Structures are given as structure tokens and as C-alpha cells.
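S.K.: Need coordinates for the below:
(chains A and B)
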2 protein chains.
Amino acid sequence: MDKFFERAIEEAQKGLAEGGIPIGSVIAHEGKLLGAGHNKRIQQGSVVLHGEMDALENAGRQSAKVYQTSVLYTTLSPCPMCTGAILLYGIPKVVIGENQTFMGSEQLLRDQGVEVVVLNDPTCIQLMKDFIAAKPNLWNEDIGEP
Amino acid sequence: MDKFFERAIEEAQKGLAEGGIPIGSVIAHEGKLLGAGHNKRIQQGSVVLHGEMDALENAGRQSAKVYQTSVLYTTLSPCPMCTGAILLYGIPKVVIGENQTFMGSEQLLRDQGVEVVVLNDPTCIQLMKDFIAAKPNLWNEDIGEP
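M.R.: You can find the predicted model right below:
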């Protein structure tokens, strides 16, 4: 398994262990880890730090050139907000753990020329299935559903 | 002038006084201020806290019902990331200070049924014109441009 994708899963599991929502992400640039993170809704009461956003935040300020030659790895299909962040910074490739428990804005990414790879990894699917079954209200809050 | 829009401008001016990028936002729910914020790229080294995101973050965790009956005010046309956050949380109305110095994803908002009001307020335009002229590199970084 790709080491960055593996790290994204570890981030998701870390989030779960903290009592949070198990979604993790990594941004890598030319084979080096730039930033890793996980959803912080519970841990920090954050409504903007989805996994992808936390990875971007932890990567810190980067030039457009760096973003435009980076890859984002995320355990779950990116929601509209995270999709927008990917488009804002011009990240050209996104590797997605799964889109079975939640389908994000993958079509918008593709329409804008982003390469989207969906793995439908069993570990990622199980993490979300178990979490959604255990805490449906929290999950709905995270995706803006009633 | 609408008091929430006025407050968004005050947030932009506060950001400028801190040495930051002068973009401010407010989220209001049924006539009450829910959260206010401004771009924190310089102040916190943040790549996710655009004005709109900072206002959402300061509003804290809210139910879908609250977001879906709120209005977002922002001094500048929302970039793809902030547009995605508006869509994620289902905010039905966005009041935009100006779209002359930067055109965000207003069409995507409209396509998704969001009511978009553009004021093209002279104070907002001047704030961004002066800032972009003074610090073009910083502005390009904020919108992912080389």
C-alpha cells in the first residue's frame, strides 16, 4: 500500500482514538510528506477542519507551484468544502480511500481537470460504516445534514 | 448600511490593521450575529482561514437547521474553498461586498440555488485595490496563483 495513503488511514484511526470523526488526509509533494491531519470537529470544536483541511493547514503556507505539483490523499470522498480547497490551490491529483459511505464532489473535481483515484479500500469503508452506525447525528452535523 | 455588512467591513479593516489580508465576514442567523471573522493567513499562518471560514469557525458547531436559515456577509466574492463551505452547510444567502478585484465562484453558488447579492461597495473595492497594489505576492498566495 502507498505509504501516504497508509498514513492517511493512520490519521483517521488517530482521530477515532481521540473520540473524533475517523477521516484522515495527507498532502505529499514530490514523494515527501508536506502535511498530515484528521477531522477535528470534536477535538477542537472545529467546523472547518475536515481531514483534508487539517492536512492543508498542517502543511502550512506553500507557493502555488508546490500545491500544483502535490497529491492529496484522503480516506473519504471530499465534501464540497474540501473539494473547493483542492480547486483553490490547484492540487492536480486526489487519491480517495472510499466513496461508498459518502459521495463527495468528485464530479466537480473531474470537471475541473483534477485526476481522481478511488480505491474503495475495505479498512476505510469499515471505519466509516462503524462510525456512522455508532454516531449518526455527529456524522450528519459534519456534512451539514439535518 | 446593513449592520452585519458593516461589521464584515470592520473585520476586514481589523485584519488590515493586524498586517493581514483585508477580507472580513459575518454569519448571521435570524437577525443575530452568529460569528464574525477575517482572513488569518498572516496572523496565524493559516491557509484555510479565509474571512468566510474564520466567521464560520468563530460561529462554532451549529445544526444544519441553523445554517440553512442563516445569511453570510463577506467583503469579497467567495473563492472556491469558501463557496464549498457555503454549499456544504447549505447557507441559502450570501451578501458580497464586491467582485471587481476578484471574481469567486458566484456562478456555482447560483447554480446550486444560493441567493447571491453583490453590492460592489466602494469601501470594499478600495480596501482590496490598495492591498493588491501593495502586496501582490501575498494576494496571489491567498488565491493559489503563481
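S.K.: rest of the way, CA atoms for contacts and neighbours
M.R.: OK.
S.K.: Which stretches in chain A count as helices?
M.R.: For chain A, the helices defined by DSSP state H cover A:3-17, A:41-44, A:51-59, A:64-67, A:80-89, A:106-111, A:122-134, A:136-142.
S.K.: Tabulate the ones you listed (TSV), appending distance to residue B:113.
M.R.: TSV is the format used below for the helices of chain A (distance: least, C-alpha to C-alpha, whole Å):
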stretch	distance to residue B:113
helix A:3-17	33
helix A:41-44	27
helix A:51-59	25
helix A:64-67	31
helix A:80-89	15
helix A:106-111	16
helix A:122-134	28
helix A:136-142	21
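S.K.: Of all the ones you listed, which one comes closest to chain B?
M.R.: helix A:80-89 (3.8 Å; C-alpha to the nearest C-alpha).
S.K.: quick one, that closest one and helix B:80-89 angle?
M.R.: 170 degrees (axes from the mean of the first three to the mean of the last three C-alpha atoms, to 10 degrees).
S.K.: quick one: contacts of helix A:80-89?
M.R.: A:50, A:52-53, A:64, A:67-68, A:104-106, A:108-109, A:112, B:48, B:79-88, B:143-145 (C-alpha atoms under 8 Å, 6 or more residues apart in numbering or on different chains).
S.K.: Mean neighbour count and mean pLDDT for the helices of chain A - can I get that in TSV?
M.R.: Putting these into TSV (neighbours: other C-alpha atoms under 10 Å in any protein chain shown; pLDDT from 0 to 100) gives the following:
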stretch	mean neighbour count	mean pLDDT
helix A:3-17	21	98
helix A:41-44	15	98
helix A:51-59	25	98
helix A:64-67	18	98
helix A:80-89	25	98
helix A:106-111	16	98
helix A:122-134	16	98
helix A:136-142	16	97
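S.K.: Could you find the closest non-adjacent residue to residue A:4?
M.R.: Counting by C-alpha to C-alpha, 6 or more residues apart in numbering or on different chains, residue A:4 lies nearest to residue A:26, which is 6.4 Å off, once chain neighbours are set aside.
S.K.: so who does that neighbour touch?
M.R.: Residue A:26 sits next to A:4-5, A:7-8, A:33-37, A:52, A:55, A:72-74 when contact means C-alpha under 8 Å, 6+ apart.
S.K.: Which single one of those is nearest to residue B:41?
M.R.: Nearest to residue B:41 among the contacts of residue A:26: residue A:55, at 15.6 Å, using C-alpha to C-alpha.
S.K.: surely that closest one meets residue A:25?
M.R.: Yes: counting by C-alpha atoms under 8 Å, residue A:25 is a contact partner of residue A:55 at 5.8 Å.
S.K.: Check the contact lists of the two and give me the overlap.
M.R.: With C-alpha under 8 Å, 6+ apart, residue A:55 and residue A:25 have common neighbours A:36, A:37, A:38.
S.K.: Show me what the second one bridges to in the sheet.
M.R.: When bridges are called by DSSP bridges, residue A:37 pairs up with residue A:25.
S.K.: ok, it touching residue A:52?
M.R.: Yes: proximity of residue A:37 to residue A:52 meets the contact threshold set by C-alpha under 8 Å, at 7.0 Å.
S.K.: Tell me if I'm right that residue A:28 and residue A:70 touch.
M.R.: Yes: in this structure, residue A:28 is within contact of residue A:70 by C-alpha under 8 Å, at 5.5 Å.
S.K.: still on that earlier bit, out of the helices of chain A, which is closest to residue B:99?
M.R.: Between these, helix A:80-89 lies closest to residue B:99; by C-alpha to C-alpha that is 16.5 Å.
S.K.: where's that closest one relative to the chain centroid, distance-wise?
M.R.: 11 Å (C-alpha atoms, centre = their mean, to the nearest Å).
S.K.: same question, stretch A:82-91
M.R.: From the chain centre to the centre of stretch A:82-91 is a distance of 12 Å (C-alpha atoms, centre = their mean).
S.K.: Equivalent analysis for stretch A:65-80, please.
M.R.: 8 Å.
S.K.: repeat for stretch A:117-134
M.R.: On the basis of C-alpha atoms, centre = their mean, stretch A:117-134 sits 12 Å off its chain's mean C-alpha point.
S.K.: Residue numbers of chain A in contact with chain B?
M.R.: Residues of chain A lying close to chain B by C-alpha under 8 Å from any C-alpha of the partner chain are A:45-48, A:53, A:56-57, A:60-65, A:79-90, A:141, A:143-146.
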